[in-house]
Structure formats: structure tokens, C-alpha cells
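Enquirer: below are the sequence and a predicted model for it; my questions follow.
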Amino acid sequence: QSYLGSSKMGYIWVEGNDLCFINAQQWRHNILGDWVSNSPGVSKAGTMWIDTSNNLHWVTSTGSDMVSHWKVKQFGSVFSNGPTGTVYAGTNKAGYIWVDNEFGLTHLSYIGYDGYKYLTGAGDNPYA
């Protein structure tokens, strides 16, 4: 990990096999992920998507499909762009991804296929 400052906060990219991001505390994090396939169905390294089971995937620099090791359906926060108390962003927002600055500060947030906010990040699930 390295401290990169607020000008880099929120950057998300693929480097090698890892999904990297600068968290809301301005530190670089690497998500190692779990290997899924050598044939992800897309050929562009760095491509990210949410599957129908609400998992975050990315294509590595060598073309493999990786998936985040853990995810948590939101339980202690609301959809960041919604009104107070809103927990459902809607399926029209599925696939939105951002660096969370509402809950945890060290996670990626995304809207799942089901329209709800999910958290994921580096290491093991801190909420298990």
C-alpha cells in the first residue's frame, strides 16, 4: 500500500491480475480476487462488470476473468446518491461502481444486478 493523496482518491484500475483503487483515506488497495476463467467473454483488459449474482468481475492484463473474493449487501449505509434512508438504488443503476466515502472508507461500492448497494475490498471480508 502507498499513500497517494486526495488528487488520486477514487481512481480504479486493473494492474496485472489485481483490481486496484485509491480508497477514501487516500491509500492504494489491491483486490486480489478469485480466478474464474481464462475466457471471460470480453477481451479488453481492465473491463469490469457485475454478474446476475451481484459479483464484481474484472479482466486481468492477461485476459483472465477474476471476481472479488467477498461482497456484502449494504447493511449500515444508504445508496450514496439517494435520499436519506434510501437503500434501493434501482436496477437502472446496476453496474455503477465508486470508491466508498460513506461507510468503511476503504471499500469499493457498486450497485448490484438486483439494484442494491454492495461493498467489496482488499483482503478478507471484515464483516464475516
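Expert: Looks like it came in fine.
Enquirer: over to the nearest residue to residue 91 once chain neighbours are set aside: give its phi and psi.
Expert: The spatially closest residue to residue 91, leaving aside those adjacent along the chain, is residue 115, at 4.2 Å (CB to CB, 6 or more residues apart in numbering). To be clear about C-beta, it is placed using only N, CA and C from the backbone, and glycine gets the same treatment. Per-residue torsions, residue 115: phi 90, psi 0 (degrees, to the nearest 10).
Enquirer: check what pLDDT residue 115 gets.
Expert: For residue 115, the model assigns a pLDDT of 91.
Enquirer: ok, now residue 28?
Expert: 90.
Enquirer: same thing with the one 4 residues further on?
Expert: The confidence metric pLDDT takes the value 92 at residue 32.
Enquirer: name the nearest residue to residue 23, sequence neighbours excluded.
Expert: Nearest non-adjacent residue to residue 23 (CB to CB, 6+ apart): residue 106, at 4.7 Å.
Enquirer: my error: substitute residue 99 in the last question.
Expert: residue 10 (4.5 Å).
Enquirer: hmm, back to that, and the residue nearest to residue 91, what does it touch?
Expert: By CB atoms under 8 Å, 6 or more residues apart in numbering, residue 115 lies in contact with 88-94.
Enquirer: separation between the residue nearest to residue 99 and residue 33?
Expert: From residue 10 across to residue 33, the span is 20 Å (CB to CB, to the nearest Å).
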